[in-house]
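Chemist: No letters, just coordinates:
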């Protein structure tokens, strides 16, 4: 690696920017060229997602695209951001466990409690073993620093919620992948602004972007032979990694270890992280509220997700994903615009705008009627 760094410095290209470009290109190429093989094996072995009551597709589609995403991230992050696996020793182990659980669920459909148990194990590894924790609320509800045990509980809860929230928004073509791409872009830019100490996290974000972009090429394809879903494997891995990057983002603003590398302080860091991840958070909270209101179990499946509401209006998958992403992208823009506001005010604004987006399709439906 030192010889490669010397080569790029000799030709006048900073090594970090060379790694950024190479990591994006390689991650994109790995997913782009591995997915056709996954599709071929899935069709040959009949490892397909069957249309059902809640399905928004009408034919059998391969659903193991998450394997290619894992393959790409594990290779590229290990090569270009190996410092992550030195600093967070249980990160790779957590990804492998999620891969196994996700593939099992995509093929044979695991029971919910088994998936939850595996997610708890994974989050305990990363929260306790790698010490990735939410250590402060930055004044949200008047709470600042929290003790270790409360920090561990809140962090594990946050990981599990976000892992399953990304699984829930993966209901139509392009939505989970497109939103993951944008979330990674926002976190990557933020890490870049926070200084070179965080460059491995920048590269991880770029690797996720390259992997997801290649996956979207096939996920949004109109050809039967090319189409694939990411499945629970992909949604759980992306949800886990975005929860990981979000908590690292919040932690950077209070970590004494990195204080000397940080160029600015952001008191509203938790609200900004919530704004970036607002779609899966609001969609999950909204369906849970509706289920409880209808006296149903919060774990019962239904068609009250935002993307289902847009499909009911007659929109295509692409249009629905586009409108949802554009709206919630606007919320992120507003959050960054007023990022120096009081953290409670900013959080309230973000949540209100998020829930307005969840109920806009209902309003449009009533107006049409």
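Modeler: Structure received. Predicted model, so just to flag it, every value in this text is computed and none were measured.
Chemist: which ones are touching the residue nearest to residue 62 when sequence neighbours are not counted?
Modeler: Leaving aside its sequence neighbours, residue 62 sits nearest to residue 42 (CB to CB, 6 or more residues apart in numbering; 3.5 Å). In short, each C-beta sits where N, CA and C put it, glycine included. Residues near residue 42 by CB atoms under 8 Å, 6 or more residues apart in numbering: 48, 62-64, 228.
Chemist: do the same with residue 302
Modeler: By CB under 8 Å, 6+ apart, the neighbours of residue 302 are 54, 287, 290-291, 296.
Chemist: Go through those residues and flag which are in helices.
Modeler: Counting by DSSP state H, the contacts of residue 302 place 287, 290-291 in helices.
Chemist: So for the host helix or strand of residue 66, mean pLDDT?
Modeler: Assessed by DSSP states H and E, residue 66 sits inside helix 65-80. Confidence for helix 65-80, expressed as mean pLDDT, is 95.
Chemist: now the stretch 1-150 of the chain, which segments are flagged as low pLDDT?
Modeler: Scanning the stretch 1-150 of the chain for pLDDT under 70 picks out the ranges 1-13, 51-58.
Chemist: Break down it into its helices, ranges please.
Modeler: Here the stretch 1-150 of the chain has its helices, by DSSP state H, counting those that start in this stretch, at 2-10, 15-44, 65-80, 83-87, 91-108, 112-124, 148-169.
Chemist: Dump the ones you listed to JSON lines, plus distance to residue 137.
Modeler: Below are the helices of the stretch 1-150 of the chain laid out as JSON lines (distance: least, CB to CB, whole Å):
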{"stretch": "helix 2-10", "distance to residue 137": "40"}
{"stretch": "helix 15-44", "distance to residue 137": "33"}
{"stretch": "helix 65-80", "distance to residue 137": "30"}
{"stretch": "helix 83-87", "distance to residue 137": "24"}
{"stretch": "helix 91-108", "distance to residue 137": "25"}
{"stretch": "helix 112-124", "distance to residue 137": "19"}
{"stretch": "helix 148-169", "distance to residue 137": "9"}
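Chemist: Out of these, which gets nearest to residue 193?
Modeler: Smallest distance to residue 193 across those (CB to CB): 14.0 Å, for helix 15-44.
Chemist: buried set for the closest one?
Modeler: For helix 15-44, a neighbour-count test (16 or more other CB atoms under 10 Å) marks 18-20, 22-24, 26-28, 30-32, 34-35, 38-39, 42 as buried.
Chemist: And for stretch 61-75?
Modeler: Residues of stretch 61-75 classed as buried: 61-74 (neighbour count, 16+ other CB under 10 Å).
Chemist: Dump those residues into JSON lines; add distance to residue 367 as well.
Modeler: Formatted as JSON lines, those follow (distance: CB to CB, whole Å):
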{"residue": "61", "distance to residue 367": "34"}
{"residue": "62", "distance to residue 367": "39"}
{"residue": "63", "distance to residue 367": "36"}
{"residue": "64", "distance to residue 367": "41"}
{"residue": "65", "distance to residue 367": "37"}
{"residue": "66", "distance to residue 367": "38"}
{"residue": "67", "distance to residue 367": "43"}
{"residue": "68", "distance to residue 367": "42"}
{"residue": "69", "distance to residue 367": "39"}
{"residue": "70", "distance to residue 367": "43"}
{"residue": "71", "distance to residue 367": "46"}
{"residue": "72", "distance to residue 367": "44"}
{"residue": "73", "distance to residue 367": "43"}
{"residue": "74", "distance to residue 367": "48"}
